[in-house]
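Q: Provided below for reference: sequence and predicted model.
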2 protein chains.
Amino acid sequence: MSGKLYGVGVGPGDPELITIKAHRILQSCPVVAYPAPDSGQSFARSIVAEYLSAEQIELPIIVPMRVERFPAAQVYDEASENIAAHLDAGRDVVVLCEGDPFFYGSFMYVYERLAERYDCEVVPGVSSIMTGAAMSGIPLAARNDVLTILPGPLPDDELRARINAADALVIMKVGRHLARIRTLMGEMNLLDKAVYLERVSLAEQRTMRLADMTDETAPYFSMITIYKGAEPWIDTANMNVTKYD
Amino acid sequence: MSGKLYGVGVGPGDPELITIKAHRILQSCPVVAYPAPDSGQSFARSIVAEYLSAEQIELPIIVPMRVERFPAAQVYDEASENIAAHLDAGRDVVVLCEGDPFFYGSFMYVYERLAERYDCEVVPGVSSIMTGAAMSGIPLAARNDVLTILPGPLPDDELRARINAADALVIMKVGRHLARIRTLMGEMNLLDKAVYLERVSLAEQRTMRLADMTDETAPYFSMITIYKGAEPWIDTANMNVTKYD
C-alpha cells in the first residue's frame, strides 16, 4: 500500500505558530521534504527543527535562488519523483511549506504532480498576512471591507490601479521591489497609511511605517500593508506595535 | 500589576487546527472570554472545549443574532468593562476568536476598546480561506495572482465589478446572500469555476461546485471561491475534494 502525501503549512516562522495537527503529522511521517536554497538553511525546516528526530529521512528540494523565486519545472519534477519513490515504498511523506501551502506556497508544485496518483492531504497553516496584522496591531479587514492581496513584482500600472480600488491591501514578496513600491506609495499619498513588515513572528522581526523604512531592498519574506479606511485604531503615526515575546 | 489581554485565533473549527501557542496561552489564562449567540453554543468555545478546565472563569460575550452579525456597540462596551475588571485585578484574559482575530474577527471590537489601556497580544490563527483551499484541493493564489476577499453582503454592482477585476477571489459571509450571489455568478458565466464551502474542517463540512449547491441560504460560516486562472489543477468538474479525517 502506498504512503500518504501531506502538504503542511508550518506558519510564518515562530515554531509555536504551527498547528497541533501539523505537529502531529510532522512527527508521524518517516520522510520530511522541504524547499531549501542552493546555499544556506531551509527556512521551512528551521521553523520545525526542534520537532524533527534523527530517525526521519530528510529530502531537501533545492530551489536555486534566482532573482524571482519562480520554480524551475525540472526541480519539482525530480523532487516529486523522489517523493513518489518513498510513497511507493509505503512511507508517508510530509512536505513542509512556509505559511500556508495553498497561499502562494511552493507545495502547489508538488501537489499538481502527485495529488492524482496518491492519497494527499493539505493542512492549512497560519499565514504571514494574518501574522503581520497581529504584530503591527492593525487589523487586515473588518465588517464589509474588501481586502486585496497583491504580489510586489506586479508592474507599477497594475499596482496603482489595484491599490486605488482597494479598501485594505497587502503587498507580498516585496523583496527587491521595495524602493519602487515606496516611490509609488509616495506618489499616491499613501506613505502615512502604509506599514512595512519583515520576518513576522521571528526574533528578527521588523515592523515600521513604510515612510521610515529607507533600505533599497527587503528580504523575500517581507510585506507592506495599507488600510485606507478610517477606523479609530488605524494610526500608523502612533503605531501600536505589539511586542513579540 | 494588571493582567495581560490576549486575542487568540482558534482557527476554522477543527480543534487540532489551533496553534501550539494558542493552546499554551489558553491553558495559562484564568479568564476565558468568547462571543456567544443569545441562544445556543458559542462556536469559538466549542472549538477549544477540550482544552478548557473547570477552574477557568468563563465570560461569554452575548452577541444577539441579527440578520447581519454587526456588533452592537453596547455589547462590546459592557464586555470590555467586564474584561477590564479582571485585568485590573491582575488576571490574564484570553479572548477567543474563530479563525484569525484581525481578519474580520470580532476580537477587534474588544481590541479597540482596551489595547491602549492594557498590555495586549494578538495571536494569529488559521483562517477559513486557507482552510477552504486545503479542503477543496484548489489553491487560493499562486505566483503573481491577485487575490481579492469580498464580503457577501456587498451589493451586486460592487460584487460584479470586483469579481471582474480579480484573478482569484473568496466571497466570505455568504449566509443569506447565497441565492443572490449564485444568480450573479450564473450571469457572469462563472458557475463552473465557483466552489461553495461551509463549516470547513468540521465533521459537517460541505464542499461542492456552486452549481450543485441548490439551497436558498447558507450558514454564516460559508464561502465561495473562484479561481479564474488556467492552472492545470483547477478543475471543478472533477473536483479533487480532500477527504477530511
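A: Structure's in. What do you need? Since this is a predicted model, take the numbers as computed values, not measurements.
Q: alpha carbons only for contacts and neighbour counts from here, please
A: Fine.
Q: Name the residue closest to the centre of chain A, please.
A: Nearest residue to the geometric centre of chain A (C-alpha atoms, centre = their mean): A:G99, 4.4 Å.
Q: which residue sits closest to it in space, ignoring its chain neighbours?
A: Closest residue to A:G99 apart from its sequence neighbours, by C-alpha to C-alpha, 6 or more residues apart in numbering or on different chains: A:G11 at 3.9 Å.
Q: Quick check: phi and psi on that neighbour?
A: Dihedral angles of A:G11 (phi, psi; degrees, to the nearest 10) stand at phi 80, psi -170.
Q: give the contact list for it.
A: By C-alpha atoms under 8 Å, 6 or more residues apart in numbering or on different chains, A:G11 lies in contact with A:17-18, A:97-100, A:125-128.
Q: Over to A:G99?
A: Listed by C-alpha under 8 Å, 6+ apart, the contact partners of A:G99 are A:9-13, A:105, A:125-128.
Q: how near is the residue nearest to A:G99 to B:S53?
A: Between A:G11 and B:S53 the distance, using C-alpha to C-alpha, to the nearest Å, works out to 27 Å.
Q: In chain A, which helix is the longest?
A: The longest helix of chain A (DSSP state H) is helix A:73-88.
Q: Give me the contacts around that one.
A: Contacts for helix A:73-88 (C-alpha under 8 Å, 6+ apart): A:1-5, A:31, A:33, A:61-63, A:92-93, A:109-110, A:113-114, A:118.
Q: who's in contact with A:L191?
A: So A:L191 contacts A:182, A:185, A:209-211 (C-alpha under 8 Å, 6+ apart).
Q: Now with 10 Å, please.
A: A:L191 sits next to A:182-185, A:209-212, A:226, A:236 when contact means C-alpha atoms under 10 Å, 6 or more residues apart in numbering or on different chains.
Q: Is stretch A:45-65 in proximity to chain B?
A: No: using C-alpha under 10 Å from any C-alpha of the partner chain, stretch A:45-65 stays clear of chain B, coming no nearer than 12.1 Å.
Q: Just the buried positions in that stretch, please.
A: Across stretch A:45-65, burial judged by 16 or more other C-alpha atoms under 10 Å in any protein chain shown covers A:45, A:47-48, A:52, A:58-64.
Q: Then stretch A:20-40?
A: Of the residues in stretch A:20-40, A:20-23, A:25-27, A:29-37 count as buried by neighbour count, 16+ other C-alpha under 10 Å.
Q: Please list the members of those that lie in helices.
A: With helices taken from DSSP H, the overlap with the buried residues of stretch A:20-40 comprises A:20-23, A:25-27.
Q: Would you check which of those are in contact with chain B?
A: Among those, chain B is touched by A:20-23 when using C-alpha under 10 Å from any C-alpha.
Q: Single out the residue in chain A that lies closest to chain B.
A: Residue nearest to chain B within chain A (C-alpha to the nearest C-alpha): A:T19, separated by 3.9 Å.
Q: Just give the closest residue to that residue, not the sequence neighbours.
A: B:T19 (3.9 Å).
Q: ok, now how distant is the one you found from A:S106?
A: In terms of C-alpha to C-alpha, B:T19 sits 21 Å off from A:S106.
Q: And the two? Which one has more around it.
A: With neighbours defined as other C-alpha atoms under 10 Å in any protein chain shown, B:T19 and A:S106 compare such that B:T19 has more, 30 against 24.
Q: Quick check on the residue nearest to A:Y104 when sequence neighbours are not counted: phi, psi?
A: Nearest non-adjacent residue to A:Y104, counting by C-alpha to C-alpha, 6+ apart: B:A142, 4.4 Å away. Backbone torsions for B:A142, taken as degrees, to the nearest 10, come to phi -140, psi 160.
Q: What of A:Y109?
A: With angles defined as degrees, to the nearest 10, A:Y109 sits at phi -70, psi -30.
Q: Just give the nearest non-adjacent residue to it, would you?
A: Spatial nearest neighbour of A:Y109, chain neighbours left out: A:Y76 (6.4 Å); criterion: C-alpha to C-alpha, 6+ apart.
Q: Tell me how many other residues crowd A:I138.
A: As a measure of burial, A:I138 has 24 neighbours, counting by other C-alpha under 10 Å.
Q: try A:A73
A: By the criterion of other C-alpha under 10 Å, A:A73 has 10 neighbours.
Q: in chain A, which spans are helices?
A: Under DSSP H, chain A gives helices at A:20-28, A:43-48, A:73-88, A:107-114, A:128-136, A:156-165, A:178-187.
Q: Hmm, A:E98 is touching A:L17, no?
A: No: contact criterion C-alpha atoms under 10 Å: A:E98 and A:L17 do not qualify, at 11.1 Å.
Q: Residues in contact with both of those two, list them for me.
A: Common neighbours of A:E98 and A:L17, counting by C-alpha under 10 Å, 6+ apart, are A:10-11, A:47, A:125-127.
Q: which one of the residues you listed is nearest B:A166?
A: A:S127 (20.5 Å; C-alpha to C-alpha).
Q: And the closest residue to the closest one other than its chain neighbours, how far from A:I57?
A: Closest residue to A:S127 apart from its sequence neighbours, by C-alpha to C-alpha, 6+ apart: A:G99 at 4.6 Å. As judged by C-alpha to C-alpha, A:G99 and A:I57 stand 22 Å apart.
Q: Counting neighbours, what do you get for A:F103?
A: If you count neighbours by other C-alpha under 10 Å, A:F103 ends up with 26.
Q: Output the below-cut-off pLDDT ranges for chain A.
A: Scanning chain A for pLDDT under 70 picks out A:65-71, A:229-245.
Q: Could you chop it up by domain?
A: Using automatic domain parsing, the domain ranges for chain A come out as A:5-123, A:128-238.
Q: what about the first one, start to end distance?
A: The first and final residues of domain A:5-123 sit 11 Å from each other (C-alpha to C-alpha).
Q: chain center to that domain: distance?
A: Taking C-alpha atoms, centre = their mean, to the nearest Å, the mean C-alpha location of domain A:5-123 is offset from the chain mean by 13 Å.
Q: Equivalent analysis for the last one, please.
A: Taking the mean C-alpha point of domain A:128-238 and that of its whole chain, the gap between them comes to 15 Å (C-alpha atoms, centre = their mean).
Q: Among the buried residues of stretch A:45-65, give me the pair with the biggest separation.
A: A:L52 and A:P64 (24.4 Å).
Q: Give the bridge partners for A:L197, please.
A: For A:L197, the beta-bridge partners are A:T207, A:M223 (DSSP bridges).
Q: isn't it right up against A:Y220?
A: No: using C-alpha under 10 Å, A:L197 makes no contact with A:Y220, being 11.1 Å away.
Q: okay, those two: which has more neighbours?
A: The neighbour comparison of A:L197 against A:Y220 (other C-alpha under 10 Å) goes to A:L197, with 28 against 16.
Q: Show the contacting residues for the more buried one.
A: Counting by C-alpha under 10 Å, 6+ apart, A:L197 touches A:128-129, A:131-133, A:135-136, A:172, A:174, A:205-210, A:213, A:218, A:221-225.
Q: change it to 6 Å
A: Residues in contact with A:L197 (C-alpha atoms under 6 Å, 6 or more residues apart in numbering or on different chains) are A:206-207, A:222-223.
Q: how much space is there between it and A:L154?
A: From A:L197 to A:L154 the distance is 19 Å (C-alpha to C-alpha).
Q: Could you tell me which residues of chain A lie near chain B?
A: Residues of chain A lying near chain B by C-alpha under 6 Å from any C-alpha of the partner chain: A:16-21, A:102-104, A:122, A:124-126, A:130-131, A:134, A:139-142, A:144, A:146-151.
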